[in-house]
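>>> Provided below are the primary sequence and the corresponding predicted coordinates.
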Amino acid sequence: MADDDLPVVSFGSLMTEGTALSRRGQHDKALACFNDALKLRAGDKHCLITRSKCFLKLGDTENSLKDAEASLQIDKTFYEGLYQKAEALYTMGDFEFALVFYHRGRRLRPDLHKFQLGINKAEEAIVNCIGNPSSVKLENKEELCFVSRQAESKKDNQKQQSKLKDQKDKKHMKKKSRKTEQQLLGELYADKAFLEKLLKDEDLMQSSTRQGIKVMDLVLDGISYLNRRQDFWQQQKPIYARVYERKLLRQERKHDKKPKPSEISRSIEKNMEDIELLLARGSAEQSCRKAERLLKKIQAWSEEDVPHKNELIGNLHSHIGNAQLAMGQMEAALCSHKMDLDCARQNALTDAESRALDNIGHVYARIGKFQQAISTWEEKIPLAQSSLEKAWLFHEIGRCYLELDKAEEAQKYGQKSLQSADEEGDVEWQLHATVLVAQAQVKLKDYRSAILNFERALEKAKLVPSEAAQNGIIA
């Protein structure tokens, strides 16, 4: 066969073939298709995510995470990228950061149930691993339970090896400074001291729980976990933000000793991670307080110490606003997000301006000020960076018009949302936009068109699939 007679392999055909192979469980063959597809269209975010899923099925979590992160480099609002990154992190056992990305995805797409499911399983995994920090306090009771679902499945020989290792860890840790331990473990230091004290109670160590697990195994398992956490934080610089803060206060008293910008940057980065993680785990009040403390510190530092000072200040106003919203403090949240907006505009920070307008619109919609939400989101339209972002934005504006009984405007924005969703090829937003158009047509008494659009929406719901959406449309 001459070269001219060879069939033309297109990006679309490779994607279709790879998806079909993956569904049949032939992930190696599917991976080859996605690799070839990316050669034809390098950096396609949808293909990257599909390949990431394939890597995850094959157990290659590292490459799965790389592809998910690559898709987010292209479009940071790509919800599938956020979900896949969270899934990869969860599979790797990094439950806390998986939780952060599940929460980011849910904030972007609150309509998708899979993000809530991800949050639930990540929170459960965290509790299973380290216990619930708000409720777990170790006490000397008949049934001592620290970390240990894993302990229940260990074999006897593994238990013995664990005992020997943990006893060595215990001897090694005695050599370490108790002060350093306290700094590294924080509130967990008291738990570690309590566990070590329990080891001296020989009668208790020989006893077992109702499930037949030796108390000694649980105690050693707990100490081993705390040692691992201590070693982990030992590798982080600074050890903990609060340790660095105390050091900084001492340095401020000595004008001849000034912290290096790199140390300040690491401290800020660690604090920002803590703030986001606290909010993701539902501790909005703690997150807010920590963000307010960090904001005061950054405002006191010079731009030489903190190169992106204004950007960080705006970011913290945004974090504080999100925490206040989670606590139901609507007016305070609105004020914080407006400060974020002012900061963004004064410093020509386009992404931050878009973020602030997004958040302000959300608050207005939550408190029923739909016209203000519309005006705010309309300002954001020129800043939208992708068709998917426009699809969401037009849909939210249309929903507000529907709430205001302005059905014609709602229909217009629903159609705009559908057009953007079609450009992106996103079935779920096609579904939401079609439902919005149909609802507007019902209010306009254009029942024939409404029925046709509800039927189209039902077909889209079958593709997602979304049983809740199907039931809602049928109802």
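Cool, the structure landed.

>>> next up, the contacts around residue 366.
By Cβ atoms under 8 Å, 6 or more residues apart in numbering, residue 366 lies in contact with 325, 330. For every residue, glycine as well, the C-beta is placed using N, CA and C.

>>> just the CA atoms of stretch 203-223, as CSV, please.
Extracted in CSV, the C-alpha atoms of stretch 203-223 (Å, rounded to 0.1, in the frame of the first residue of the first chain):
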residue,chain,number,x,y,z
ASP,A,203,0.1,-4.7,83.4
LEU,A,204,-1.6,-2.4,80.9
MET,A,205,0.9,-3.3,78.2
GLN,A,206,0.1,-7.0,78.6
SER,A,207,-3.7,-6.4,78.3
SER,A,208,-5.7,-6.4,75.1
THR,A,209,-8.6,-4.5,73.6
ARG,A,210,-12.0,-6.1,73.0
GLN,A,211,-10.9,-6.8,69.4
GLY,A,212,-8.0,-8.8,70.7
ILE,A,213,-5.3,-6.3,69.9
LYS,A,214,-2.5,-5.8,72.4
VAL,A,215,-2.4,-2.4,74.0
MET,A,216,1.4,-2.4,73.6
ASP,A,217,1.0,-2.8,69.8
LEU,A,218,-1.3,0.2,69.7
VAL,A,219,1.0,2.4,71.9
LEU,A,220,4.1,1.5,69.9
ASP,A,221,2.2,2.1,66.7
GLY,A,222,1.2,5.5,68.0
ILE,A,223,4.8,6.4,69.0
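
>>> surely residue 92 and residue 65 touch.
Yes: between residue 92 and residue 65 there is a contact at 7.1 Å, judged by Cβ atoms under 8 Å.

>>> so which of the two has more stuff around it?
residue 65 (21 against 15; other Cβ atoms under 10 Å).

>>> roughly how far does the more buried one sit from residue 86?
10 Å (Cβ to Cβ, to the nearest Å).

>>> so what pLDDT did the closest residue to residue 84 other than its chain neighbours get?
Using Cβ to Cβ, 6 or more residues apart in numbering and skipping the chain neighbours, the partner closest in space to residue 84 is residue 68 (4.1 Å). Per-residue pLDDT puts residue 68 at 94.

>>> so who does residue 68 touch?
Contact analysis of residue 68 by Cβ under 8 Å, 6+ apart lists 48-49, 52, 81, 84-85, 87-88.

>>> go again with 6 Å.
52, 81, 84-85, 88 (Cβ atoms under 6 Å, 6 or more residues apart in numbering).

>>> the residue nearest the centre of the chain and residue 107, how far apart?
Nearest residue to the geometric centre of the chain (Cα atoms, centre = their mean): residue 101, 1.6 Å. For residue 101, the distance to residue 107 equals 11 Å [Cβ to Cβ].

>>> how does this protein divide into domains?
Annotated domains of the chain cover 9-130, 149-234, 241-383, 384-475 [automatic domain parsing].

>>> least reliable of those domains going by mean pLDDT?
Taking the mean pLDDT of the domains of the chain, domain 149-234 comes last: a mean of 65.

>>> for residue 397, phi and psi?
Per-residue torsions, residue 397: phi -60, psi -40 (degrees, to the nearest 10).

>>> and for it, the neighbour number?
For residue 397, using other Cβ under 10 Å, the count is 28.

>>> let me see the contact set for the closest residue to residue 125 other than its chain neighbours.
In this structure, residue 125 finds its nearest non-sequential neighbour in residue 95, 4.3 Å apart by Cβ to Cβ, 6+ apart. Applying Cβ under 6 Å, 6+ apart to residue 95 gives the contacts 122, 125-126.

>>> of these, buried ones?
122, 125-126 (16 or more other Cβ atoms under 10 Å).

>>> mind checking which of those land in helices?
Of the positions in the buried ones among the contacts of residue 95, 122, 125-126 sit in helices, assigned by DSSP state H.

>>> for residue 14, which non-adjacent residue is closest in space?
residue 37 (4.0 Å).

>>> what of residue 326?
In space, residue 326 is closest to residue 284, 3.9 Å off (Cβ to Cβ, 6+ apart).

>>> what's the burial count for the one you found?
18.

>>> same deal with residue 196?
Neighbours around residue 196, by other Cβ under 10 Å: 16.

>>> please apply the same query to residue 382.
8.

>>> I'd like the numbering to begin with 3 instead of 1 from here.
From this message on, residue numbering opens at 3, which makes the last subject residue 384.
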